[in-house]
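**Student:** Provided below are the primary sequence and the corresponding predicted coordinates.
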Amino acid sequence: MMDSEKIFLLFLIVFVSISLLIVAGIVTSLIINSYPIFLRDGFSFIFKSVWNPVKEDYGILPALLGTLISSAIAISIAMPLAISLAIFSAEIAPTSVRGFINSVSDLMASLPSVIYGLWGLYVLAPILNQYIMTPLHQYLGFIPLFSTKPIPTNLFTAGVLLAIMITPFSSSIIREAYNAIPHHLKEAAYSLGMTRWEVIRTLLGYIKSAILAGAFLALGRAMGETVAVAMVVGNTFTLPRSLFDMGYTISSLIANQFPNAEAYSYMMPALYSGALVLFTIGLIINLAGLYWIRRVVTRG
C-alpha cells in the first residue's frame, strides 16, 4: 500500500474513533449525571407526573407524553407533505421552477428554530386556533382528542409547527432518491401503458427505504427540537387529556428549567435523566428504523 493511502486510512480511523469517543462521552456523561435521581427514585421517576423543586420531587411523565404526542402529530402531517413536495419537484413541476422550489425547501431546512418559534407563536398559533382547533372542538368535542377548549399555544400547535420544520428534511432525502432512480425504469413503466400516477406510485415503491429513512430522520428532529417548541407548547406540567392541552416536551422542560437547576440538589440529575430517556427513545427508534429499512431492502 502506498504511503498516501496509509495516511488516508490513518486519518479515517482517527476521525471515526473521535466520533465514537464523542458519542460514548455523551452517553457516559448522561448516565453519571442522572445516576443520583435514579438511585433515589428508581425508574418510577419516569412515570411520575410531578415537578416540585421545593420538595425536590421530580417526574417526567407529562413531558414524555408531550414529546410523543407532538412528534406523532408532526410526523403524521410531515410525511404526506414531504412525499408530495418531493414528487412535485422531481416529476411534475416545470424544469424552469424546480431549482427555485428546491432552493426554497433547502432554505426552510436551514432557518434557525427561533425564527420558526416566533412565526409559530404570533402567526401560526392564532390561525390554527381560529380556523382549525376551535371548529374541531365545537363540532367534535365529544371525541377525547378534541375535548379541551383550545387556546393558541398547546401540543397541537407544537406538532403542526414541528411538521412544518421537519418536512424539508424528509423531502430532500425522498427527492434525491427519486431523482437517482434509473431513467430506463421510468421509460419501461410508460412503455407498458401506465399513467403518470401509476408510474409515480410504482417508483415510490422502488424508493421505500429512502422514504423510511426520511421519516426516521424527521422524527428524530421533531423529538429533539427545543426552542421553537418551547415557544408554542404552553409549558404547563400537567398530563395531557387531549391534543389541545398545553404541555411540555422533554427538550423544552430542560431548556426552561436548566437555569434554576443548580439551586436544587436533585433538579440537575432529573434534567440529565430526562435527556437520557430522550436519548434512549431516539436510539430505539433509530434501531427499529434501520431494521425495517433492511427488511424493505431485503424484500426488494
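**Tutor:** Yep, that arrived. Numbering: from 1, shown residues only.
**Student:** what residues are up against residue 71?
**Tutor:** Contacts here follow Cβ atoms under 8 Å, 6 or more residues apart in numbering; on that basis residue 71 touches 159, 162, 219, 222-223. C-beta coordinates here come from the backbone N, C-alpha and C atoms, glycine included.
**Student:** just these now: which is nearest residue 271?
**Tutor:** Proximity of those to residue 271, judged by Cβ to Cβ, is greatest for residue 223, which lies at 16.3 Å.
**Student:** tell me which element that closest one falls in.
**Tutor:** Counting by DSSP states H and E, the element that carries residue 223 is helix 208-224.
**Student:** could you export the helix or strand just after that helix as CSV, CA atoms only?
**Tutor:** The first helix or strand that comes after helix 208-224 along the chain, using DSSP H and E, is helix 227-232. Output in CSV follows, covering the C-alpha atoms of helix 227-232 (Å, rounded to 0.1, in the frame of the first residue of the first chain):
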residue,chain,number,x,y,z
VAL,A,227,-36.6,26.5,21.2
ALA,A,228,-39.5,26.6,18.7
VAL,A,229,-41.5,24.0,20.7
ALA,A,230,-40.9,25.8,24.0
MET,A,231,-42.4,29.0,22.5
VAL,A,232,-45.7,27.4,21.4
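**Student:** for the stretch 101-250 of the chain, give me the ranges with low pLDDT.
**Tutor:** Within the stretch 101-250 of the chain, not a single segment meets pLDDT under 70.
**Student:** now do the helices in it.
**Tutor:** Taking DSSP state H, counting those that start in this stretch to define them, one finds helices in the stretch 101-250 of the chain at 113-119, 125-128, 134-140, 155-179, 183-191, 196-206, 208-224, 227-232, 250-257.
**Student:** can you put the ones you listed in CSV and add mean neighbour count and distance to residue 8?
**Tutor:** CSV is the format used below for those (neighbours: other Cβ atoms under 10 Å; distance: least, Cβ to Cβ, whole Å):
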stretch, mean neighbour count, distance to residue 8
helix 113-119, 17, 37
helix 125-128, 18, 52
helix 134-140, 14, 58
helix 155-179, 25, 27
helix 183-191, 12, 34
helix 196-206, 15, 34
helix 208-224, 21, 28
helix 227-232, 26, 39
helix 250-257, 22, 39
